[in-house]
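Undergrad: I would like the atomic coordinates for the input below:
(chains A and B)
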Amino acid sequence: MNLYKRISLLFLVIAIAACEDVIDVPVQTAPARLTVEASLDWEKGTAGNNQTVKLSTSTPFFDTTANTAVTGATVTVTNDGDGTQVVFVDRNNGTYTTTEFAPMLGQSYTLDIQYNGETYRANETLNPLTDITEITQSREDGFNEDDLEVRLLFTDPPEEGNNYLFKFQKQGELLPELEVGTDEFINGNEIDWWYEIEEDDETDKIEAFVPGDIVNIEMYSTSEAYNNYLEILIEQIGGVGLFQATPVAVKGNCINTTNPDNFAHGYFRLTQVIRTSYTFE
Amino acid sequence: MLKKSKVPMAKQLLIWGCLLFWGATATAQNSYTLSGTITDQNNGETLFGASVFLKGTTSGVVTNEYGFYSLTAPQGTYTLIISYIGFAEMEKQIVLDRDLKVDFEISEFSTKLEEVVVTADEPERAILRKPEMSVAKMNIATVKRMPVVLGEVDILKSLQMLPGVTNNGEGTGGFHVRGGAQDQNLVLLDEAIIYNTSHMFGFFSVFNADAIKDVKLYKGGIPARFGGRVSSVLDVRQKDGNNKRLSLTGGIGIISSRLTVEAPLFKEKGSFLIAGRRSYADLILKAAGEKNSVGFYDLNLKTNYNINANNKLYLSGYFGRDNFEFGDNFNSGYGNSSGNLRWNHLFSDKLFSNLSLIASKYDYELGFVLEEFDWISSINNYNLKYDLKYYVSDQFKLDFGASGIYYDFDPGQIKPTSDTSAINPLSLDRKKAVESGLYVNAEHKLTDKLTAQYGLRYSMFNRLGGQAMVDYANNQPVVYNAVLGIYERGTEIGETNFEKSESIKRFGNLEPRVSVAYELNEFSSVKAGFSRVAQYIHLLSNTSSATPLDVWTPSGQYIEPQLSNQYAVGYFRNFKNKTYSLEVEAYYKNVDNRIDYIDGSDLIGQNTIETEILNGESRAYGLEFLLRKNEGDFTGWIAYTLSKSEQRTPVGTAGGLGINNGEWYSTPFDRTHDISVSGAYRLNDTWSFSTNLVFQTGRPVTYPNGQYEYEGLSIASYADRNSDRLPAYHRLDLSLNYKPNRRPDKRFKGEWVLGIYNVYGRKNAASISFGQNLETGTNEATRTAIFGIVPSLTYNFKF
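TA: Prediction:
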């Protein structure tokens, strides 16, 4: 239940009178940091042995040219229970891959990265994911009752503390959309999670779903810490408006043990994932 | 911090007060007292701040909030001068050979009615001599003449034209005084606390100018009778209602219309006022097929009854509400309501008293039709106040009194609206508290040149039990995770249940208030002041600008009261035969226990607020200039403020360095430069013009300082909190006033007001947000500007 997002959307009324335009703004430039995208996602029904870690560097905010791939790093993931270590192979394009990862539900793992003489370390636990019982579509729900939305039905497990990440991407769109939810207000209930694209009447850049559109859907189980991280990150994607929380630096779980001030962006996550798609009728 | 128990303190105050009485009354022999009420001849409204002087002496007094004055002088024959801004001066011979009770009615300048400008609020000699400083007072006639956005007269926006008062950008509610936060302003409407001053997110204020008599803003030097907010007190008084005849006032605008009815009651022993206002943007939007709608209405009520010469009753009320609808699935509403019963009683011609019984409420609700639940939140308070003013002698006046406020905070409830709702019901803990205060304040004329005002307030706050409080490991609701370098919620180790009869935490604070005025000569004076104020309730807001959904929370186990010390000095001068006046003030204030929020704080639906906040402090200092032209066809002012407002949050026991490494950083209310120019020109009886020009340094904000790739998106990494600024804000407004005054003797008077807000259409950024272009994926900065050029046309009438 993404209450936060929905409440802040209530204030879009300001937009009735407001006008928006793109302008040039001078911003500060921070030194480049290592960015870790270590997303070990175990797709339900697969072995989960093929995994990739992406390493890159941050760049000035408006920079569009820099090659940010990080090569020459050493990446390992260790099972904290039995001590099994998996070494990821440097593909020399910023990705590091393995075919030997062995996912275990409820197990914690440690990520180690050696880069530029500094060690980055992160720890995370793999949580199970409930099944999607049904995917449907409707019009009357959502923010706009004329627009189509896709609806995921699933049952939250009875124990508290389940966290979800959803990734929706309409085929043909450049950018995916992320949503997170926790069972804070809805523990143990049957959940109806919908996703709708609200048409932007002014620019025609954003079109609502129409029959025939295909939306790619991914649903992940996440840890509470990762959920907290994502909540801030998602809240700030696309910019922070008047009635949203003042933007803040988002810190992930990859700690620089050599030089703590030089922390890394990104996250070491372990999830179970369901990947599917839905074609609107 | 819990000081001594309250009983010895009360006793101390009493003894102190008695000593003052004794010292002062000794000088008042062989004198007689002249007292009474000063009212407007036209409608019977009592006048606050009218002055009564004995010609050729330095003896004089200013009427109080209820128009009452009391003046004591040696036996003799005097010429009395009664004056009030915009009113014809009245002279009257008085033989003072016994105590006299005389009521005066004075009348407005007949020809210059609307043109009366902000002159000094009181006759110039009084303003120089009174130690009162850091006060911004506005005449409603002035407010009504200034250009406004969307044609709706707005007291709060007008006040922002004065030095030291700013807003947080267009389309946001509230105001900021001397670098203070919105929740640090005590806003009183007929003494009732108003928690949210805005309609439609700040597009309008809750004050209907037709129902308001006067407005006074204390930016510092807050008198001892007020307490509870560290930055300012905005004291707004409603009209009593015309007790001479039925009168109608109203206006029709593009966005809203209003109507006020006033009439006498009980053979002029009483009167009433009913004022209503409604916006109709919602109706227009609906008619146009728009599913989203927004609207507000409000109602002011007031009635009074003169029981006899010594007793008068007032009953007043305010009710205002905003409603929003977003399609069929979401709706929202919020509003203030208040009621107030007051009893003025004269114990003698020297001792005036007022007893007030006040209730006020603020609430908001959100309806989620689709998810089938409502979210409601409210704050209720009941306030009992007793204020007395003792006019001991010409040299010495004493204010004293007591007040108690009972608060009931309901921070939020989730109520499923159907059995099939996926949402579980939830109630955040209700919080209850009592805030009480005891004060005494003396206005003491030490010599002909030197006047002092000194007082003491003792405030107490008792956070009442009746709820469970979470206990944290090491008593730390927030802990620093040194590994991740972030602040996190502390570990809950259990709960302590407090019975209703128990108190969770008590606080007590002594708040001295002192100011002195020294008259250098006939034209100029210097003043200095110090005030200490405690604030026990706090508005929680981690957003760029406060929203109606922000929640008030009381001090308690984990939240300390805010404490401010403010020092101010000023120079005041009238020149060119009082046509011009100059006011210069410098101030410094610091506030202890100013909270800020941890990164990623989640305040919505949060039962344990203490896990989201960090304790810090703030400070502000500045220099204010105000040059006014008070008389003539051209009137107006130039206001300039140079100031700094910063805070730091070094955290303390939670560990770590704190926000921005524990360094000082700008508060969102910091404005280095703030220039406001307001002018009015009266061409003739039919045509007049007015203009506003505003320039302000941009608001401190947080911008990105880098980007990185994650989940197929470019993620912005943000710089230190408030380390960037929006572009400077500036704008010019014009308004044209046309009075078709063909038959001046007719009672019906109408006028057209054509206004243009933001004449050169500057797109002032209310916010700038950073994100990816949806088609190209490159990062861009998007500016949101609320108002472009906004013309408006309003028709006002009076009958």
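
Undergrad: could you give me the average pLDDT of the longest strand belonging to chain A?
TA: Ordering each strand of chain A by length in residues (DSSP state E) puts strand A:265-279 first. Averaging pLDDT along strand A:265-279 yields 94.

Undergrad: Just name whatever secondary elements it is in contact with.
TA: With contacts defined as 3 or more C-beta pairs under 8 Å, 6 or more residues apart in numbering or on different chains; DSSP states H and E, the packing partners of strand A:265-279 are strand A:34-43, strand A:118-125, strand A:132-138, strand A:214-222, helix A:224-236, strand B:704-710. For the C-beta atoms, the positions are set from N, CA and C on the backbone; glycine is no exception.

Undergrad: What strands line up against that strand, and which way round?
TA: With DSSP bridges as the test, strand A:265-279 is paired with strand A:34-43 (parallel), strand A:214-222 (antiparallel).

Undergrad: Nearest to the spatial middle of the chain, which residue is it?
TA: You didn't pick a chain, so chain A it is. residue A:178 (5.7 Å; C-alpha atoms, centre = their mean).

Undergrad: could you do chain B instead?
TA: residue B:234 (2.9 Å).

Undergrad: Okay, and the beta partners of that one?
TA: Beta bridges link residue B:234 to residue B:187, residue B:217, judged by DSSP bridges.

Undergrad: circling back: just checking, next helix/strand downstream of the helix or strand where the residue nearest to the centre of chain A lies?
TA: Per DSSP states H and E: residue A:178 is located in strand A:177-182. Once strand A:177-182 ends, the next helix or strand along the chain (criterion: DSSP H and E) is strand A:190-196.

Undergrad: circling back to that earlier point, what separation do you get for the residue nearest to the centre of chain B and chain A?
TA: Residue B:234 is 23 Å from chain A, where distance means C-beta to the nearest C-beta, to the nearest Å.

Undergrad: Stretch B:250-268 close to chain A?
TA: No - Stretch B:250-268 stays clear of chain A (C-beta under 8 Å from any C-beta of the partner chain), getting no nearer than 10.4 Å.

Undergrad: and the residue in the stretch 51-200 of chain A that chain B sits nearest to, how many residues sit next to it?
TA: Residue of the stretch 51-200 of chain A nearest chain B, by C-beta to the nearest C-beta: residue A:58 (4.1 Å). Each residue near residue A:58 was counted by other C-beta atoms under 10 Å in any protein chain shown, and the total is 26.

Undergrad: Kindly report the same for residue B:84.
TA: Residues near residue B:84, counting by other C-beta under 10 Å: 23.

Undergrad: residues touching it, list them.
TA: B:38, B:47, B:49-51, B:106 (C-beta atoms under 8 Å, 6 or more residues apart in numbering or on different chains).

Undergrad: quick check, nearest of those residues to chain A?
TA: Of all the contacts of residue B:84, residue B:49 has the smallest distance to chain A: 37.5 Å, by C-beta to the nearest C-beta.

Undergrad: ok, the closest one touching residue B:63?
TA: Yes - between residue B:49 and residue B:63 there is a contact at 6.4 Å, judged by C-beta atoms under 8 Å.

Undergrad: the more surrounded of these two?
TA: residue B:63 (24 against 20).

Undergrad: List the contacts of that one.
TA: By C-beta under 8 Å, 6+ apart, the residues touching residue B:63 are B:37-38, B:46-52, B:69.

Undergrad: Equivalent analysis for residue A:118, please.
TA: Applying C-beta under 8 Å, 6+ apart, the residues contacting residue A:118 are A:256-259, A:262.

Undergrad: gap between the residue of chain B found nearest chain A and residue B:81?
TA: Minimum separation of chain B from chain A (C-beta to the nearest C-beta) falls at residue B:769, amounting to 2.6 Å. Distance, residue B:769 to residue B:81, by C-beta to C-beta, to the nearest Å: 59 Å.

Undergrad: Look at these two and report which has more neighbours.
TA: For residue B:769 and residue B:81, the more surrounded residue by other C-beta under 10 Å is residue B:769, and the numbers stand at 23 against 17.

Undergrad: right, and that one touches residue B:779 too?
TA: No - in this structure residue B:769 lies outside contact range of residue B:779 using C-beta under 8 Å: 11.1 Å.

Undergrad: re earlier: which stretch among the helices and strands packed on strand A:265-279 comes nearest residue B:749?
TA: Counting by C-beta to C-beta, residue B:749 lies closest to helix A:224-236 out of the helices and strands packed on strand A:265-279; the figure is 53.6 Å.

Undergrad: what about residue B:447, which SS state?
TA: What DSSP: H, G, I helix; E, B strand; the rest coil gives for residue B:447 is coil.

Undergrad: and it, how far is that from residue B:454?
TA: From residue B:447 across to residue B:454, the span is 15 Å (C-beta to C-beta).

Undergrad: same check, this time on residue A:114
TA: Look at residue A:114 and residue B:454: by C-beta to C-beta, they are 69 Å apart.

Undergrad: neighbour count winner among the two?
TA: For residue A:114 versus residue B:454, neighbours defined as other C-beta under 10 Å are more numerous around residue B:454 (18 against 14).

Undergrad: contacting residues for the nearest residue to the more buried one once chain neighbours are set aside?
TA: Of all residues not flanking residue B:454 in the chain, residue B:514 sits nearest, at 4.7 Å (C-beta to C-beta, 6 or more residues apart in numbering or on different chains). Counting by C-beta under 8 Å, 6+ apart, residue B:514 touches B:452-455, B:529-531.

Undergrad: buried residues in the helix or strand where residue B:514 lies?
TA: Taking DSSP H and E as the criterion, residue B:514 maps to strand B:503-519. Buried residues in strand B:503-519, counted by 16 or more other C-beta atoms under 10 Å in any protein chain shown: B:504-509, B:511, B:513-519.

Undergrad: Now do the helices for the stretch 51-200 of chain A: every range, in order, please.
TA: For the stretch 51-200 of chain A, helices defined by DSSP state H, counting those that start in this stretch do not occur.

Undergrad: make that the stretch 51-200 of chain B, sorry
TA: Along the stretch 51-200 of chain B, counting by DSSP H, counting those that start in this stretch, helices occupy B:124-129, B:140-145, B:155-159.

Undergrad: so residue A:227 touches residue A:183, yeah?
TA: No - using C-beta under 8 Å, residue A:227 makes no contact with residue A:183, being 10.5 Å away.
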